[in-house]
Each structure stands twice: as structure tokens, then as C-alpha cells.
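Participant: this is the structure alone, sequence omitted:
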């Protein structure tokens, strides 16, 4: 049996998708060794364990935590929208910082852990964020956070603007590896052209300003491994009377 299928059954996880992601995050051990391959075959005699959880449902929570602390953001009693929720790091961080309600949006199958899905403050929507609007959120959000891969952030800025209240804030993760083009990447998807990276970040800031955001700040996002791409937490506020 595959490792992801095995731990889904053994630990009563929400889905194999969630199991797949926590394995890749290095949170599963087989015979005391961390395994990051979901397809690893398990025969049943191995000792398979979940490694002690991080502070949040995933490492993504550490990223949002840094933004909240660095920019002195309060989400207490706020209605929040988490775009690209994946396995719930941002959503978990929002709840632990006092959010009153979180709509968690992802284009893929739900990978939120059970403890988040069972929380009455959390609602999951499987939806392509490129088309997100008030039709899905029903009400404008007090705060939006976003962490999406394999898509340019420029394609998601208008939907963010559409669902955010005027004068309210958002934290958006800029991932240069999905902005710079293939020529600026190594075979492993690492940005090798730093000028292209800088241009991509500035280009996103300018695009955001042009559609109705004020740029309030930017900082590097935490990362687990030093050999991974540098990503950036962009802190913005929607202008009053913004026309997205």
C-alpha cells in the first residue's frame, strides 16, 4: 500500500490529498526516518508515525504569522478570506489570532485537517480564485490572505480587490518563480536571475497600485530550506472608492 493511503487509514486523516501534503512537508516517519515520498510502498510491518506538529496546520502559518507581527496587523473579530488555503496554515494562523470567520478557498480538493473543518468559524469553497467574487463570499472581507502556486499573482489581484472591503488590508505572497518566466529559472525551478526577480516584484507592486491598492509594506517570507526560492509577503490596503 502507498504511504499516503496507509496513513490516511491509520490516522483517520481527512483525505489522501492531505496525507500527500503532510508527507511532502516532512511530517511522517517510517522506522524512525523521515519520508517525503507519498508513493513509498508500505507492507505493514513498519513503524509509521506522524512527526510532532508545527505550531500551525502547515508551515504556511509561519509565513502569515510573520506578516501579522511585522506589519502589526490585527485580524481579531474579522471576517477573513484565505485564497489558496491548501492544508490550512494561513487559516489556522487566522483563527489563532482571533478571526471570527474564515472562508478558505482552493482550486483543488479540500486538504484542510479535520480540526479546521470541524471549526464552526471555517467554511471551505472549492473554486478557481481567478473567478472569485462576492457571489462566493456573500459579504466583503475585512482581511484577505493569499498563497497560490503555478499562477501569476497579477491574475488574482482583481478578485482580491473585488472581495475586500474598502480601506481594509490583505497579505499576498509573491512567488517570483511563477512570475519571471522559464529563462530565469534553473532546472529545479529556482530563480537564477535576481534582476528578473526584482523586476517581477516591482511589477506586481505597480500592478496592484493601478487597480486600487495602496502598498503598505513588503518583507521576505520565512522558508524552511535555504535552497528554496525567496518569496515575499506584500502588505496592501484597498483604496476608498477603488475601481478594481
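Facilitator: All right, it came through fine. Values in this document were obtained by computation on a predicted structure and should not be read as measured data.

Participant: residues in contact with the biggest strand by length in the chain?
Facilitator: Secondary structure of the chain read by DSSP state E shows that its longest strand is strand 164-174. Residues from elsewhere that reach strand 164-174, judged by Cβ atoms under 8 Å, 6 or more residues apart in numbering: 63-64, 67-68, 71, 73, 81, 140-148, 153, 156-157, 160, 200-201, 204, 208, 213, 216, 218, 221, 231-242. All C-beta spots, glycine's among them, are computed from the backbone N, C-alpha and C.

Participant: buried residues in the very next helix or strand once past that strand?
Facilitator: Per DSSP states H and E, the first helix or strand lying C-terminal to strand 164-174 is helix 194-210. Neighbour-count burial for helix 194-210 flags 196, 197, 200, 201, 203, 204, 205, 208 (criterion: 16 or more other Cβ atoms under 10 Å).

Participant: for stretch 118-130, same thing?
Facilitator: For stretch 118-130, by 16+ other Cβ under 10 Å, it's 122, 124, 125, 127, 129.

Participant: now secondary structure, pLDDT and distance to residue 189 too, for the residues you listed, in CSV please.
Facilitator: Output for the buried residues of stretch 118-130, formatted as CSV (DSSP: H, G, I helix; E, B strand; the rest coil; pLDDT from 0 to 100; distance: Cβ to Cβ, whole Å):
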residue, secondary structure, pLDDT, distance to residue 189
122, strand, 98, 31
124, strand, 98, 28
125, strand, 97, 28
127, coil, 97, 26
129, helix, 97, 22
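
Participant: nearest to residue 5, of those residues?
Facilitator: Nearest to residue 5 among the buried residues of stretch 118-130, counting by Cβ to Cβ, is residue 124 at 22.3 Å.

Participant: bridged to the closest one, which residues?
Facilitator: Here residue 124 sits in beta bridges with residue 104, going by DSSP bridges.

Participant: adjust the sequence numbering to begin at 53 for everything that follows.
Facilitator: Okay, using 53 as the starting number, the last item reads as residue 176.

Participant: run through who's touching stretch 278-293.
Facilitator: By Cβ under 8 Å, 6+ apart, the list of residues contacting stretch 278-293 reads 115, 118-119, 122-123, 125, 213, 216-229, 241-243, 249, 253, 256-257, 260, 264-273, 275.

Participant: then stretch 83-98?
Facilitator: By Cβ under 8 Å, 6+ apart, stretch 83-98 touches 53-56, 58, 71-72, 75-78, 80-82, 99-100, 103.

Participant: before we move on, back to that, now list the buried members of the contacts of stretch 278-293.
Facilitator: Neighbour-count burial (16+ other Cβ under 10 Å) is assigned, among those, to 115, 118-119, 125, 213, 216, 220-229, 243, 249, 253, 256-257, 260, 264-265, 270, 273.

Participant: save the buried residues of stretch 170-182 as TSV, and put in distance to residue 157 too.
Facilitator: As requested, the buried residues of stretch 170-182 are arranged in TSV below (distance: Cβ to Cβ, whole Å):
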residue	distance to residue 157
174	11
176	8
177	5
179	6
181	6
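
Participant: and the furthest pair within those?
Facilitator: So, those by Cβ to Cβ: farthest apart are 174 and 181, at 17.0 Å.

Participant: thinking again about what came up before, select only the buried ones of the contacts of strand 216-226 in PyMOL?
Facilitator: To isolate the buried members of the contacts of strand 216-226 in PyMOL, using 16+ other Cβ under 10 Å:
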select buried, resi 115+116+119+120+125+133+192+193+194+195+196+197+198+199+200+205+208+209+212+252+253+256+260+265+270+273+283+284+285+286+287+288+289+290+291+294
